[in-house]
Structure formats: structure tokens, C-alpha cells
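Asker: 3D, please:
(2 chains)
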2 protein chains.
Amino acid sequence: MRAYRANILFTPTPDAFSIVERGYVIVNSEGLVEAVTDCVDRYQTEHNMPQIEVTDYGDRLLIPAFNDLHIHAPQYRNLGLGLDEELLPWLNKYTFPEEAKFADSGYAERIYRRFVHELWMQGTMRSCAFATIHPETTKRLMQLFREAGLGGYVGLVGMDRNSPDNLRNTPKEVETFHLEQLEECLSLHSDRVRTILTPRFIPSCTPEMLRVYGRLAGEHNLPVQSHLSENRSEIEWVKELEPLSTCYADAYRRYGLLGQTPTLMAHCCYSAGEEMQMLKENKVTVVHCPTSNTNLASGIAPVATFLKEGINVGLGTDVSAGHYMSMLRVMQYAIQVSKLHYARSEGQIPFLSLSEAFYLATKAGGSFFGKVGSFEKGYAFDALVIDDSYLNYDHYTLADRIQRFVYVGDDRDIRIRFCQGQALTEPIL
Amino acid sequence: MRAYRANILFTPTPDAFSIVERGYVIVNSEGLVEAVTDCVDRYQTEHNMPQIEVTDYGDRLLIPAFNDLHIHAPQYRNLGLGLDEELLPWLNKYTFPEEAKFADSGYAERIYRRFVHELWMQGTMRSCAFATIHPETTKRLMQLFREAGLGGYVGLVGMDRNSPDNLRNTPKEVETFHLEQLEECLSLHSDRVRTILTPRFIPSCTPEMLRVYGRLAGEHNLPVQSHLSENRSEIEWVKELEPLSTCYADAYRRYGLLGQTPTLMAHCCYSAGEEMQMLKENKVTVVHCPTSNTNLASGIAPVATFLKEGINVGLGTDVSAGHYMSMLRVMQYAIQVSKLHYARSEGQIPFLSLSEAFYLATKAGGSFFGKVGSFEKGYAFDALVIDDSYLNYDHYTLADRIQRFVYVGDDRDIRIRFCQGQALTEPIL
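Answerer: Numbers count the residues shown, from 1 in each chain, chains lettered A, B, ... in the order given. You can find the predicted model right below:
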């Protein structure tokens, strides 16, 4: 048993932070949280425990690490570039040409190393990442996650229509890859890094491809990630491509890719009515990507409505349509764009509070990986030690300090990063 | 004469960057730009000049420094706090109580030092700042600008109605302060730091106060800064308070505070029709504050329309309703919120390009201070040396590099800051 002492803040529920001033998080040898307490000695006596070794971080903040549910690793080089188009031309002009480069293992090595390094830097301990169609470099990306100690569900991307010639694969290749990965996973002790079924989106996948994905999901209980209702032109296009589907979500559902296994759907800017009900009934996790949706002028997902309906929502950076790797910035944008719905509804739709945004970025997102994103008993100790002394120069409360860290802080303030109890060293670039 | 060599980027016009790879900016002894050239020796020979001393910044970027046309210095401590209210409750709950503290010179010294330090850190070499109603600490703020070498128009705030008892002054106090400052200015050699008339906004100022401001402006040709049409409730309130005015802007105009002298009006989220025409005819500079308007759910100024109408627009951080001191973030938000107008108009209203946003933050904003914000002949050499090596790890063009710096870079990348030819050292906290 070990204990980490600091000012502890986390969100067991969305409505408020749990705050323990100069408290302790007790962590067991498997890297799971045993308890949060304000007195380690009393806890030890009451629970008849052996000696607990304490590391004291003084006046620092100790918070759950961040979980990014939607990010495109091969788009890392394009961060901050090419934000002058909407989704479909943006894909063709900037994104597909960049992704095609990941046939080259040397190129992939350079960019993926930087990508993994920045996940670490920004305190994102778990993420769901799209790779490309290339099996070898996708495997290398998974390996880099493992080397860094980061958790990640990484997906070889499936695409076999409406794509450039050098960026297509076949249902067979997709199947082979995932079956191989399943075996590989069995041979490894840790399942912190796993494969995830990743049909790019309906326009990129033939019915045959989608059928194979559906079968793989059902037979092997594999999780699924894709894109849904991001942009108006895309939705129109899906209507043409899948005329039998009653809505965009229904196109996935018909192939067994909408919640039959744990499923992430990024964006959902226009998911209302039937589609919203379908997301709810099928227990799909919506990934809200506010920076991306703003950059590509896609739309704004009705997150407050989703939450009211009881739909699970997490947050995603969606690099590189989103230009920030930092989940701090994504939380802050989530609040900001929710204010646009608030303003348009003349105050009828509430905007997100800070604790709600924090909950989305930690516990709600973390739930896709198991017990991750909180300091409740049994949760993986994924945590960040925050030194906000630059921001904390006056008499600020802990509630003020977390707010200032989210709005004004950055990776410089993150001093130590734990993933499942393990303090991670800086990955080599 | 001195010359600075680097990759030079600036925006003489909004439509594109002028880029000179490994070029030179030649600066005279008064700190003004003499020329930009790709060959300093040829320039020297052709212009029959004495020896030019060259400082070579290698592969760094050299760009004009930023100009922030709307910022509240005493709200610096509240950065990132209290963003859960709209404008009027936000003022009463968070802002007025904080501003009242600036009666205390010790408190003001601490916070204003940090404020000026961060202006320097973020590369904002000129700004138009609101102080508070307190003459002594406002003078100290002006002094801190001078000590740091930064340019600033600093305003004692005038407010004598609808304000807390401890945050009111009188027209007489306002007049005395400004007349004193005019004398003070005459006695100083530099006018980089000046006084600016700062009636808070119509709801805070009685007709008598506004008349005194109008007279001071007219008699002494003093510039004016205030707030206009930020939020719907505020606009309704002004209608009640000034029933004779045809619109909010007209209330300022009737007192001689709308362009009779150089005038900044922050926000203008709802300035359309008659009010927009009034801004145009009176050559008022609109200060667009996109982070603030998003945080307080105020609205989104129709900047593309203003620009099309030929209205001068600059950018403001509006700290602390805006939570960023960085003009990089404000540029990026200006582009993003313009995409919301673009989306709502189904593409009829264009969104801002990167060069347009950069132009607003440099040359357009700088024009309020004279020839500032560009590297054209005669402009003050206000400049930043940017080391973007962390971002520039692959084959990026200079156009890519400036885009990535604006979207993904931050103050860490700013290595040297010039204000009117003088390299400024870090101000003491």
C-alpha cells in the first residue's frame, strides 16, 4: 500500500467536485485506489493495515488524469493546419494525403513518437485513437503506447470506398488484423492497450466491410469507434448511400455496430429525435468534440440534452480537426459551446458547469476503459500532480484553483503522471 | 541603423502575409522600421548608408508584436474564475468586488505587477487598459507600463450610478485626474503610455458624468474607450436609461463620445442597422472580444460584416471575462466564432482567414497607437522573435509555421520582445 498526499479533487458525480484538503489517496499494489481519506493513520488502524508509505506532494493538486475518447494519431503533424475547409473537402485536401504517408514505417515512427509524447505531456493517460489502414505502423503505434505505459484503444482504420486509391483496405485485411491482435492481446499480461474496431464512417465503408465489422464485433465482443452526424453534407451523403436506413445511426445499427458491443460515436452534432433515442437505447457513448466542431464549422452537439436524456457522453480532442491535444482546452470549449445553446434557447437549456465538464473528461470518458477516471475504491489510480503555483499567488480556494487550472493552466503545471498506479517517465521523442 | 535577420512575416493588408525568408528588418535609431529586405548589403549600398549592424536570429520567425485593444487590468486576479454568469450579474458578483480592492495600494502593486508581467510574457506590446476609479493606483499602473517599456493607453474608470458605494467617483475627480495626466505627459519625453477617457458604460455614468467626458475629449483631443452593445439585457437597460437616444451608440454620440476623438467601443455584438452606420460614419474602432463574448454567453459580433462595411476592427482579450491574456488565443477564437456566422448563414457570410485575424491583432489594432503593428517603413519596430522549434520538427513551410504558432504555440515560443526598437527585459513580479 502507498498513499499520495496533496489537495485532492475529483468528480464522483457531475454535480460537484469532491475536495479533500491535504488528504490522501491510498493505492494498492495493483495500482487501484483503496480509499481517499483525510487521515492515513486512522485509516490504517481502523482497517488493520500494514505500514502505508506516504509520498507528500505538499500544496499541489491531485486530480484524476484525462481520457480522450476520440483522436486521430496520424493527423498529429497537421495540428493547427488546414482549418479553412468543412469536413468533406478537409478530408480530401489535408487529411487523406497525410494519412497515406503512414505506409512508411520511418515516417510513422517519427510522428507517432511525438504523438505519444504529447499524450503523456498533456496528462491524457487513456485514449481511443484512430490509426490508418496500415497494419504494420498501427501495430507500432500500439507498441509505443505500451512502451510509454499509457492506456489506449487503437484502431486500424477500415475504408474501402470513396477514398483515395492509396488509402483503401479490404474487409479481409481488417479481419486478419483484428484476429491477430486478439491473439497478441492474450499473450500479453496487460490489456491497457487493446484493438478497437474502427470503420472510418459510413461513406468510407461498403456494406461488405460493415458486415465484416459487425460480425467481428459480435463474435469477439470487440469495442467499436466511428463518426456519426458530424456535418450536414455528410448526413445527406449517408442518406444517399444507405437509403434503407431511417437515420445515420440506423445505418450502423443495421450492421451490428451501434451498441451491440461498447461503442463510441464521435460528434453527433445533429443527433435528435429518433437518432437520439437510438443512441440512448443502445447505450452508445457519444464523444463530444467541441474544438473540432468549431474549427470545421460542423455544428454543436446538444450535450446538455444528451445528459438530461441519460446518454453517456465523453470528450474528444479529435486531433487534428481539433487543434488542441489538451483535454483542459476541450473541457473549457465544452462549457463555452454549451453557452451558445443556452443563449439561443434564451436560458432554457442550461450550460455545462465546470464540474460537469471535468466529469466528462475524467469519469464519464474513463468508464469506456473500465473503472477509470475517479478516486473511488477500485478505480485505477490514473492521476496528475498539478503544481499551479504560478496561478496560485493569492488567497485562492481549492475550488478556485481547479477552475483556474482548467481555464488558464496548461501542461507546464502537470508535474507527475500516473497510469494505473505507475508514475510514467517522459517518453523519448 | 540595425538590422534583424530571421524569417519575416507580417500583414500590410488583411488578405495575405508578406513573407521574406531569412530576410532583414532594418530599424533606425528611433526604433522605427526603415525597410524590409532580402539583402542588407545591397540595401546599404543602394541607399548609401553607413554600416548596419546585423543580429541574426537564424531560422526563427520575426513578426509584429500584438496589440490588445480592450483589457481590464484589475480583473487579472479573476482570470479563469466566475464564468457562470451573464454580464450584469457577473459584474455585481465577481467584478465590482474585485475592482473595489484597488483602493489598497499594496494590493494594486501586487496584482498590477503580475498583470504587466503577463502582457510582456504574451508578447502584447501595446494595450488599452481599464484601471479602476482609484487615481493613485491607476497612476501606479501607468508607471509600471513605463518601467516595463510597454505601450499603453490606461484609463481611470468613471462610474457614478448603478455601482456599489465603494466603486463610485465624481465627474470632478475624473476631470482633475485627466488634466493632471495631461500635464504629466507633457513633462515626459515619451508618449508611449497615455491617459484615455474611460466612462465604464452608459449604465454606470450619469448624464453629468458623460457631459464632462465629452467636454474633456473635445477640449483636449483625448481618446475614448468604453463598452457598446455587449449583451441583450444591457441594451434593454440603456434604452430605459437614455430614452432620447435612437440606439445605444447614439447615447455616446449625444455626449460627444463616439468618434469625435479616436474612440474604441468594445464588443458591438448587436450593432446592426443604424448603430452599425453610426460606427462607420464616426470612424469608431470596434474591439472584438470573442473569448469574453463566448464566456459570458453575450453574443457574437458580426465582424465579417463590419469589415465589409469598412469599419475598423481590432481585437481585445477583455480579461477577465475573457480568460486568456494571449492574443494568439483571441485570434484563433475570432476565426472560430466567425465560423458560427458562416454556418448559420449557410456559407453566405465568409469566415475570417488566418491573415485577417493576424492583421486585426497587429496592424488594425496597432493603428490606434499610431504607426504600429506592421514592418512597413516608418512603423514602430514592435516585434517578437518566435522560436517554434518544438512545433517545426518536420518540413513545414513558413505559411504553415505561422498558422501552427497561432493555433498551437504559446508564450513559451516567444523569445525576444521589442517595443519601438527596444528589446524588453522581463519585468520583475
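Asker: CA only for contacts and neighbour counts going forward, please
Answerer: OK.
Asker: which strand or helix spans residue A:314?
Answerer: Assessed by DSSP states H and E, residue A:314 sits inside strand A:313-315.
Asker: before we move on, what about residue A:63?
Answerer: When secondary structure is defined by DSSP H and E, residue A:63 falls within strand A:53-64.
Asker: next helix or strand past that strand?
Answerer: strand A:66-72.
Asker: parallel or antiparallel, which strands does that following strand pair with?
Answerer: Paired with strand A:66-72 in the same sheet, following DSSP bridges, are strand A:124-130 (parallel).
Asker: average model confidence for the strand it pairs with?
Answerer: Taken as a whole, strand A:124-130 has an average pLDDT of 98.
Asker: identify the residues contacting whichever helix or strand comes after the strand holding residue A:314?
Answerer: Proceeding C-terminally, strand A:313-315 gives way to helix A:327-344 as the next helix or strand, assigned by DSSP H and E. Surrounding helix A:327-344, the residues in contact under the criterion C-alpha atoms under 8 Å, 6 or more residues apart in numbering or on different chains are A:66-68, A:122, A:124, A:288-291, A:300, A:302-304, A:315-317, A:324, A:348-354, A:357-358, A:361, A:406-407, A:409-410, B:294-295, B:297-299.
Asker: can you flag the buried ones in those residues?
Answerer: A:66-68, A:122, A:124, A:288-291, A:300, A:302-304, A:315-317, A:324, A:349, A:351-354, A:357-358, A:361, A:406-407, A:409-410, B:294-295, B:297-299 (16 or more other C-alpha atoms under 10 Å in any protein chain shown).
Asker: in helices only, show me those residues.
Answerer: Using DSSP state H, A:290, A:291, A:303, A:304, A:354, A:357, A:358, A:406, A:407, B:294, B:295 are the members of the buried ones among the contacts of helix A:327-344 that sit in helices.
Asker: show me what contacts the second one?
Answerer: Taking C-alpha under 8 Å, 6+ apart as the criterion, residue A:291 is in contact with A:317, A:318, A:321, A:322, A:323, A:324, A:330, A:333.
Asker: give me the buried stretch members for the strand holding residue A:63, please.
Answerer: In strand A:53-64, counting by 16+ other C-alpha under 10 Å, buried: A:57, A:59, A:60, A:61, A:62, A:63, A:64.
Asker: and the stretch 151-300 of chain A, which residues reach chain B?
Answerer: By C-alpha under 8 Å from any C-alpha of the partner chain, the residues of the stretch 151-300 of chain A that approach chain B are A:294, A:295, A:297, A:298, A:299.
Asker: farthest-separated two in these?
Answerer: The two members of these with the most space between them (C-alpha to C-alpha) are A:295 and A:299, at 9.7 Å.
Asker: ok, residue A:206 to residue A:230 distance?
Answerer: Counting by C-alpha to C-alpha, to the nearest Å, the separation of residue A:206 from residue A:230 is 19 Å.
Asker: pLDDT weak spots in the stretch 151-300 of chain A?
Answerer: Low-confidence segments of the stretch 151-300 of chain A, defined by pLDDT under 70: A:189.
Asker: hey, where'd the strands end up in it?
Answerer: Using DSSP state E, counting those that start in this stretch, the strands of the stretch 151-300 of chain A run over residues A:151-155, A:157-158, A:193-195, A:198-199, A:224-228, A:263-267, A:285-288.
Asker: including distance to residue A:418, could those go into CSV?
Answerer: Supplementary listing: the strands of the stretch 151-300 of chain A in CSV, determined by distance: least, C-alpha to C-alpha, whole Å:
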stretch, distance to residue A:418
strand A:151-155, 11
strand A:157-158, 29
strand A:193-195, 16
strand A:198-199, 28
strand A:224-228, 26
strand A:263-267, 25
strand A:285-288, 24
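Asker: out of these, flag the one nearest residue A:249.
Answerer: Proximity to residue A:249 (C-alpha to C-alpha) singles out strand A:224-228 among the strands of the stretch 151-300 of chain A, at 6.8 Å.
Asker: what's the closest one in contact with?
Answerer: A:196-201, A:217, A:248-249, A:257, A:261-268.
Asker: then stretch A:232-249?
Answerer: Stretch A:232-249 is touched from outside by A:87-88, A:202-203, A:228-229, A:251, A:254, A:258, A:270, A:274-275, A:278-279, A:298, with contacts defined as C-alpha under 8 Å, 6+ apart.
Asker: and stretch A:406-423, by the same measure?
Answerer: With C-alpha under 8 Å, 6+ apart as the contact definition, stretch A:406-423 has outside contacts at A:27, A:29-32, A:65, A:120-123, A:125, A:149-151, A:326, A:328-329, A:331-332, A:380-388, A:391, A:424, B:79-80, B:323-324.
Asker: just flag the most distant two among the contacts of residue A:291.
Answerer: Comparing all pairs in the contacts of residue A:291 by C-alpha to C-alpha, the longest separation belongs to A:321 and A:333, at 14.0 Å.
Asker: who's the closest spatial neighbour of residue A:146, skipping the chain neighbours?
Answerer: Taking C-alpha to C-alpha, 6 or more residues apart in numbering or on different chains, and ignoring the residues beside it in sequence, residue A:146 has residue A:193 as its nearest neighbour in space, at 6.6 Å.
Asker: what about that neighbour, how many residues nearby?
Answerer: 23 (other C-alpha atoms under 10 Å in any protein chain shown).
Asker: now it, which residues is it bridged with?
Answerer: The bridge-partner assignment for residue A:193, based on DSSP bridges, gives residue A:152.
Asker: backbone phi and psi for the closest residue to chain B within the stretch 1-150 of chain A, please?
Answerer: Closest to chain B within the stretch 1-150 of chain A is residue A:80: 4.7 Å, counting by C-alpha to the nearest C-alpha. Dihedral angles phi and psi of residue A:80 (degrees, to the nearest 10) take the values phi 80, psi 0.
Asker: that one touches residue B:404, doesn't it?
Answerer: Yes. Applying C-alpha atoms under 8 Å, one finds residue A:80 in contact with residue B:404, separated by 4.7 Å.
Asker: just give the number of residues close to the residue nearest to residue A:75 when sequence neighbours are not counted.
Answerer: If you skip the residues right next to it in sequence, residue A:75 has residue A:320 as its closest partner in space, 5.4 Å away by C-alpha to C-alpha, 6+ apart. Counted by other C-alpha under 10 Å, the residues lying close to residue A:320 total 26.
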